[in-house]
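Undergrad: Please work out how this folds:
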Amino acid sequence: MDLLKDDLAGYRFSPALLGIHCAISYSDALRTGMGCEDVSSDDHRNAPRDLKQRLADRKFEKTQGAVRFERLLSKKNRVEYDPVTVRENEVEDIVIQAMRFADWAEETGKALKIEGW
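TA: Residues are numbered from 1 along each chain as shown. Coordinates of the predicted model:
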């Protein structure tokens, strides 16, 4: 995603889809680090709720990333299966939001002392 962000128009919807999938991977890593045992077969529509609950269980107050993740995930099917309807400015916004989520996930993993962070 980082490599493609310099030419969003040229790569069309690919950076947006990569951004969403990166967010899913970050969420899976955080949730696994907080005790979720099986994210591989997880229905990702439930991932934001699970992430929020795990953060709440740890009394972690900076939950804006989980909300951002939920918004990103809500765009996944359209970007993946109906990309012609995704406008260039939406691609740019998705990439920005995915990068912000990645930053939040990095900070959160460190703050919660999740192994590997």
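
Undergrad: which SS class is E115?
TA: Three-state assignment for E115 (DSSP: H, G, I helix; E, B strand; the rest coil): coil.

Undergrad: Spit out the contact partners of the nearest residue to it once chain neighbours are set aside.
TA: Using C-beta to C-beta, 6 or more residues apart in numbering and skipping residues adjacent in sequence, the residue nearest E115 is G33, 6.2 Å away. Just so you know, the C-beta spots here come from the backbone N, C-alpha and C atoms, and that holds for glycine as well. For G33, the contact set (C-beta atoms under 8 Å, 6 or more residues apart in numbering) comprises G109, L112, I114, E115, G116, W117.

Undergrad: Okay, the fifth one and P83: tell me how far apart.
TA: Okay, so that is G116. The gap separating G116 from P83 is 33 Å, by C-beta to C-beta, to the nearest Å.

Undergrad: ok, now the fourth one?
TA: In this structure, E115 and P83 are 36 Å apart, going by C-beta to C-beta.

Undergrad: can you check the first one too?
TA: When C-beta to C-beta is applied, the distance between G109 and P83 equals 31 Å.

Undergrad: For those two, indicate the residue with more neighbours.
TA: Set side by side, G109 and P83 show more neighbours around G109, with 18 against 14, by other C-beta atoms under 10 Å.

Undergrad: hang on, isn't the more buried one packed against A29?
TA: Yes. Using C-beta atoms under 8 Å, G109 is in contact with A29, at 7.2 Å.
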